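J.: Can you look at this prediction? I've put the sequence above it.
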Amino acid sequence: MNDAVIELKDIRKKYRMGDIEVNALNGISMVIQRGEFVSVMGSSGSGKSTLMNILGCLDRPTDGEYLLEGINVQSLSGDEFARVRNRKIGFVFQVFNLLPRTTALENVELPLLYNREISLNDSKQKAMDALTRVGLKDRMYHEPNKLSGGQQQRVAIARALITSPSLILADEPTGNLDSRTSEDIMLIFKELNESGITIILVTHENDIASWAGRILFMKDGRITSDNAGKGHYRKNNGSLLSGGNGEET
Amino acid sequence: MKLTNTIKIAFKNLIKNKMRSVLTSLGVIIGVGSVIVMVAVGTGSQQKIKNQIASLGSNLLIISQNRERTGGVFLSGDTNRLTLDDAENIKKYAPSVRWASPFIQNGAQVIADGQNWNTSVYGVSPDFINIRDWEISDGSFFTEADNRVKKKVAVLGKTVADQLFPGQDPIGMTIRVRNVPFRVLGVLAAKGKNSFGMDQDDLVMAPAATVMTRLSGSRFIRSIYVSAWSEKLMSTCETEIKEAMRISHKLKPGQGDDFTIGTQDEIIQMATSTAVTLTLLLGAIAGVSLLVGGIGIMNIMLVSVTERTREIGLRMAVGARGKDILMQFLIEALVLSIVGGLLGIILAVIISLGLNIFTSINAIINVGIIILSFLFSGSVGVFFGFFPARKAARLDPIDALKYE
């Protein structure tokens, strides 16, 4: 328990939508250890996006405590928040979010531009390494519109990797990809996880979720099921992993 | 983020939208260009007027009658007490005066050898050609002795000589001005047209005393032209002349001067005041176009912020702080305005050179105004870029990432 990447204690998030107060998160408590591969599942409106935003330091909870590598991030200023996102977290999005008319290499370099401690030469070398790691060594100077969907997502993964983050947050990373390409992407995630990177992945596809060693189900802002410690790695995709209680329909 | 990185990113983004960047900068290019050209043309015309007046002669002072007023009515004519003696006295009592010449001007019909020409007849002393920097191209000028004995001699301007004696040597010939015969002593070297387009060679010079008795029939002269020995002596000269004139006019202490001493600077100031106003006006109008250029930058930056909302969200997600985003957009606006400003300066220099070479308009580029308009264009970029940049920096990364 002493190598927790994430510790959440009774996290609550309230939104005001006009006169109505919406409780997006209703007391989430959990611990994610270093090196875990966690899937978060749930229907839309279950609060999984809100949870991801809070985990990714893009949003602050209304109540509760969030420790990221032991640091209480609520007490951080806006600039420190940005620094945490820059150094500790890698994001992978459903729509890739690559900069258009910008080469793969420059897209991957982007997070390092916001890190003063890394020189331009170093960042270029790191970007090349990251692209090589996701198998795009020969596509470094291609712009996103010259790359397939799977290749674009791999560039995005390389971008998340480049800062050697404590954790990678992937929000529906295969949502825009066909099943074969999805598998390629999941294989990359699996390899990264096996090399020690903590991965949290949001999805509503059972097939994708079953790649993870731990699956969280969410409903109405609460975690309704968590197979922490019980789950096992599946070596190849196929049947639904036991542990989920089948809430996702 | 490092500033060099920010600048690099700004340039990259602008290059990605070449056409848009060029069109946006065009507002500033035209603004800066027109400010500089307008001021250059204004300065040029001021300079032209100054040269014109300087060409009247160096270290020049002009003494004329004091336009006394009584109850709001100009008492002209009668109050004029300038005489030939005054000119003599000035030369005698004011040691810093190098040359002094009386000046009378009469319009007259001049006839010679069946030819006929309407011109100005100047009554002057031999000092006049030194004061006004005239040269004799043929023959000689009349002397102080000629002036004293009211000799009927004249020196012709080039135009008059050509009109009255086409293809002939006018020296020794006789011209008749209002039926008074004058013997031609010499011809003045041509000066050409002045900047107002007036022919400076269309004149006849004759001894002042002769012109007064034979032509104008007046005891009084219009003005006295004086040239000081040096520029440093100008103010001494003015005091001395004033003293000399008061003695010459037998003015008692406490009595006001009945004459005015005009210096060249005063004349220049008077003559250029319109040009100065015009320069300011033209510059101000051009400044408005620079302002409009700035609004163009703001407009395009706002469009750019909306268009790139997702990009801003992504940059924030990967660690850009609000101030990094602010700087990025601010620098983009600044690059647009500064590059526009530089191109505007180049354009203005080319246009000014073109005006000087191909037209009679005189444009003088002023380094001060170049620096000023360049700084102004930079501040336009900061001023009009700030609002869009702040808008970008204040975006919520979650909303920005979801923006369609």
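T.: Yes, it's here.

J.: where exactly do the strands run in chain A?
T.: Ranges of strands within chain A are A:4-17, A:20-33, A:37-42, A:63-68, A:71-72, A:89-92, A:167-171, A:198-202, A:214-219, A:222-226, based on DSSP state E.

J.: need these in CSV with mean neighbour count, mean pLDDT and distance to chain B, can you?
T.: In this view, the C-beta of every residue, glycine as well, is placed from N, C-alpha and C. Below are the strands of chain A laid out as CSV (neighbours: other C-beta atoms under 10 Å in any protein chain shown; pLDDT from 0 to 100; distance: least, C-beta to the nearest C-beta, whole Å):
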stretch, mean neighbour count, mean pLDDT, distance to chain B
strand A:4-17, 16, 91, 11
strand A:20-33, 16, 91, 12
strand A:37-42, 25, 93, 17
strand A:63-68, 17, 93, 14
strand A:71-72, 12, 90, 16
strand A:89-92, 25, 94, 5
strand A:167-171, 24, 94, 9
strand A:198-202, 24, 95, 14
strand A:214-219, 24, 92, 18
strand A:222-226, 17, 90, 21
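
J.: now those strands as CSV including distance to B:Gly322?
T.: CSV is the format used below for those (distance: least, C-beta to C-beta, whole Å):
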stretch, distance to B:Gly322
strand A:4-17, 22
strand A:20-33, 24
strand A:37-42, 29
strand A:63-68, 21
strand A:71-72, 21
strand A:89-92, 18
strand A:167-171, 21
strand A:198-202, 26
strand A:214-219, 31
strand A:222-226, 33
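
J.: Which of the ones you listed sits closest to B:Ile53?
T.: strand A:89-92 (74.1 Å; C-beta to C-beta).

J.: which helices and strands does that closest one pack with?
T.: Helices and strands touching strand A:89-92, as assessed by 3 or more C-beta pairs under 8 Å, 6 or more residues apart in numbering or on different chains; DSSP states H and E, comprise helix A:149-161, strand A:167-171.

J.: now these as JSON lines including distance to B:Leu372?
T.: Listed next are those as JSON lines, based on distance: least, C-beta to C-beta, whole Å:
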{"stretch": "helix A:149-161", "distance to B:Leu372": "45"}
{"stretch": "strand A:167-171", "distance to B:Leu372": "52"}
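
J.: For B:Ala94, find the nearest of those.
T.: helix A:149-161 (88.4 Å).

J.: does any part of the closest one sit near chain B?
T.: Yes - judged by C-beta under 8 Å from any C-beta of the partner chain, helix A:149-161 comes into contact with chain B at A:Arg159.

J.: Alpha carbons of that helix, as CSV, please.
T.: Extracted C-alpha coordinates of helix A:149-161, given in CSV (Å, rounded to 0.1, in the frame of the first residue of the first chain):
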residue,chain,number,x,y,z
GLY,A,149,-6.5,6.5,-37.3
GLY,A,150,-4.4,3.8,-35.5
GLN,A,151,-1.2,5.6,-36.4
GLN,A,152,-2.6,8.9,-35.1
GLN,A,153,-3.5,7.3,-31.8
ARG,A,154,0.0,5.8,-31.6
VAL,A,155,1.4,9.3,-32.0
ALA,A,156,-0.9,10.5,-29.2
ILE,A,157,0.3,7.6,-27.0
ALA,A,158,3.9,8.6,-27.7
ARG,A,159,3.0,12.2,-26.7
ALA,A,160,1.6,10.9,-23.4
LEU,A,161,4.8,8.8,-22.9
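
J.: as a whole number, average confidence for that helix?
T.: Average pLDDT, helix A:149-161: 95.

J.: What's the local residue count around residue 191?
T.: By default, I'm working from chain A. 12 (other C-beta atoms under 10 Å in any protein chain shown).

J.: switch to chain B, that's the one I care about
T.: Using other C-beta under 10 Å, B:Lys191 has 17 other residues around it.
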